[in-house]
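Novice: Okay, here's the prediction I keep looking at, along with the sequence it came from:
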Amino acid sequence: MATAEHIKSLIRSKFSDDTDRFHTIALQVAAHEARQGHKALAQDIRDIIDMERKKKGPKLFPFPKNIQGLVLSENPTVPLEAMVTPRNIKERIERVIHEYRQQNKLKTHGLKHRRKILLIGPPGTGKTMSAMVLAKELHLPLHTIQVDRLVTKFMGETSAKLRQIFDMIQQEHGVYLFDEFDAIGGDRSMENEVGEMRRVLNSFLQFIEQDSSDSLIIAATNNPRLLDRALFRRFDDVLYYDNPQEAERKSLIANVLGTFMSTNFAWKKVLQTSDGLSHAEIDHACRDAIKDAILTDRRKISAIQLLTPLKERRLTHEGIQG
């Protein structure tokens with residue numbers, strides 16, 4: 001059962017009306033019971049806490065001060081319907097959501113819901129949005145770990161911070177996004193890979209292998225060729241993203257422009273000009289056109305008026321590619 005310290009801490013947090021602290025300690029009790037082999041009790045505790053949180057909406061947990069600057073927390077508002085992505089990607093995200101909601105049913109058969117996901121694709125293709133959608137649909141906070149800030153020059157410090165983050169993953173239920181993941185997931189066989197980074201990667205492999213929480217762990221990268229091959233088998237699912245095809249571009253532009261779109265919108269040139277641009281670049285171009293329409297008191301946006309910001313984005317895109 002719960003330790004004496006857990007019981008005293010629960011009582012203190014209750015009488016001080018510290019609900020967040022009460023939930024945290026209760027989750028620690030659940031983790032303690034799980035380690036003792038009392039998995040059914042641990043799950044019952046988590047279910048009770050989740051039910052209460054859903055009534056009030058997810059709350060952002062204050063991370064320890066020494067890792068606060070490494071984690072950005074938010075309650076996303078992007079629903080699944082807002083995603084414009086290939087059908088196979090949306091179906092696989094829907095599968096993650098469905099398995100999460102039916103996790104107890106799976107556990108009765110000795111199975112686990114998929115919750116460790118690797119997202120691969122160019123910048124701006126919807127990887128971060130996917131994490132936001134999962135958090136929104138599952139009524140969980142999204143915690144984005146800034147991997148580039150996690151890595152330090154001091155030996156052992158990065159692995160220590162990584163351990164603290166995985167401790168939080170165990171204690172605080174949520175969606176955890178490791179963005180720019182290749183900063184710590186680099187191939188250990190590469191000649192220029194320093195010893196410290198190999199130790200960091202080994203630590204991550206160990207932590208994610210041992211993780212038994214119900215939190216979703218999502219890693220996103222633009223450079224899959226840099227990743228160590230051992231990482232791939234640690235994830236339950238790997239999703240590959242790409243720039244939107246014609247039908248997706250048309251749907252995205254129509255969704256963003258909404259009522260600003262003119263009735264006789266000439267699609268051909270717009271679809272040609274937007275070819276090769278990412279979801280994010282097209283979204284920004286549409287919003288630039290909307291701002292221009294508002295500032296010039298125009299009620300509608302024609303294809304010609306959208307072409308200018310699209311061409312600007314294309315020049316930027318081609319300049320980066322070049």
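Specialist: Structure's in. What do you need? Residues are numbered from 1 along each chain as shown.
Novice: Okay, and Arg95 sits in which element?
Specialist: Secondary structure assigned from DSSP states H and E places Arg95 in helix 87-101.
Novice: same for the helix or strand just after that helix, what does it pack against?
Specialist: Counting by DSSP H and E, the next helix or strand C-terminal to helix 87-101 is helix 103-107. Using 3 or more Cβ pairs under 8 Å, 6 or more residues apart in numbering; DSSP states H and E, the elements in contact with helix 103-107 are helix 39-56. In this view, the C-beta of every residue, glycine as well, is placed from N, C-alpha and C.
Novice: Export the helix it packs on to CSV, keeping only CA atoms.
Specialist: Only the C-alpha atoms of helix 39-56 are listed here, as CSV (Å, rounded to 0.1, in the frame of the first residue of the first chain):
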residue,chain,number,x,y,z
LYS,A,39,-1.5,-3.0,-11.4
ALA,A,40,-5.3,-3.0,-11.1
LEU,A,41,-5.2,-0.7,-8.1
ALA,A,42,-2.8,1.6,-9.8
GLN,A,43,-5.0,1.8,-12.9
ASP,A,44,-8.1,2.5,-10.7
ILE,A,45,-6.2,5.5,-9.1
ARG,A,46,-5.2,6.9,-12.4
ASP,A,47,-8.8,6.5,-13.8
ILE,A,48,-10.2,8.4,-10.8
ILE,A,49,-7.7,11.3,-11.3
ASP,A,50,-8.3,11.4,-15.0
MET,A,51,-12.1,11.6,-14.5
GLU,A,52,-11.8,14.5,-12.1
ARG,A,53,-9.4,16.3,-14.5
LYS,A,54,-11.7,15.9,-17.4
LYS,A,55,-14.4,17.6,-15.4
LYS,A,56,-12.2,20.7,-14.9
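Novice: Burial check on the closest residue to His284 other than its chain neighbours, number of neighbours?
Specialist: With sequence-adjacent residues excluded and distances taken as Cβ to Cβ, 6 or more residues apart in numbering, His284 is closest to Arg313, at 6.4 Å. Other residues near Arg313 come to 22 when the count uses other Cβ atoms under 10 Å.
Novice: Distance check, Arg313 against Glu172.
Specialist: Arg313 sits 38 Å away from Glu172, taking Cβ to Cβ, to the nearest Å as the criterion.
Novice: Tell me, how many residues neighbour Leu315?
Specialist: The local packing of Leu315 (other Cβ under 10 Å) involves 10 other residues.
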